[in-house]
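Enquirer: sequence first, predicted coordinates after that:
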Amino acid sequence: MADIAPYVENVKKYASSYNEAALQKVVNHLGIALKNRDSSLVSCSDPSELERVREKWLKKKFELTASDDDLDAAIQEVCEIMKDEKSNKSRVTFYYLLAEKFDKIGMLAG
């Protein structure tokens, strides 16, 4: 199991609630991507990056069927929430916040 300690405070800073089991699932899901600085971050100014978040996390992982516009709006909402994180945001926190937004924390924690 991957260590969640480096991510806990950042998640707590932005999330309305904190679920350790859900955070562990996010970290485990991202796995090796967290070893590389570039892939461990989300760039809200990179359209291809945001498309990847929509396609791989929201549609594939959570099987969301909302329109791309609705999913993109949710991604932009998380970008706005995390705007104090300069240009790149922690992928772990970003994904956790999207899980929270779409009420999928239980799915991750279960």
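Expert: Arrived safely.

Enquirer: so who does the residue most central in space within the chain touch?
Expert: Per Cα atoms, centre = their mean, the C-alpha nearest to the average position across the chain is that of residue 95, at 1.0 Å. Neighbouring residues of residue 95 by Cβ atoms under 8 Å, 6 or more residues apart in numbering: 26, 29, 30, 53, 57. No exception for glycine: its C-beta is placed from N, CA and C like everyone else's.

Enquirer: and the fourth one, its phi and psi?
Expert: According to degrees, to the nearest 10, the main-chain angles of residue 53 amount to phi -60, psi -50.

Enquirer: mind checking the SS state of the residue nearest to it when sequence neighbours are not counted?
Expert: Closest residue to residue 53 apart from its sequence neighbours, by Cβ to Cβ, 6 or more residues apart in numbering: residue 75 at 5.7 Å. For residue 75, the assignment made with DSSP: H, G, I helix; E, B strand; the rest coil gives helix.

Enquirer: give me the pLDDT for residue 75.
Expert: pLDDT recorded at residue 75 is 98.

Enquirer: what does residue 14 give?
Expert: In this model, residue 14 carries a pLDDT of 96.

Enquirer: tell me how far it lies from residue 106.
Expert: Computed as Cβ to Cβ, to the nearest Å, the residue 14 to residue 106 distance reads 19 Å.

Enquirer: again with residue 50
Expert: 25 Å.
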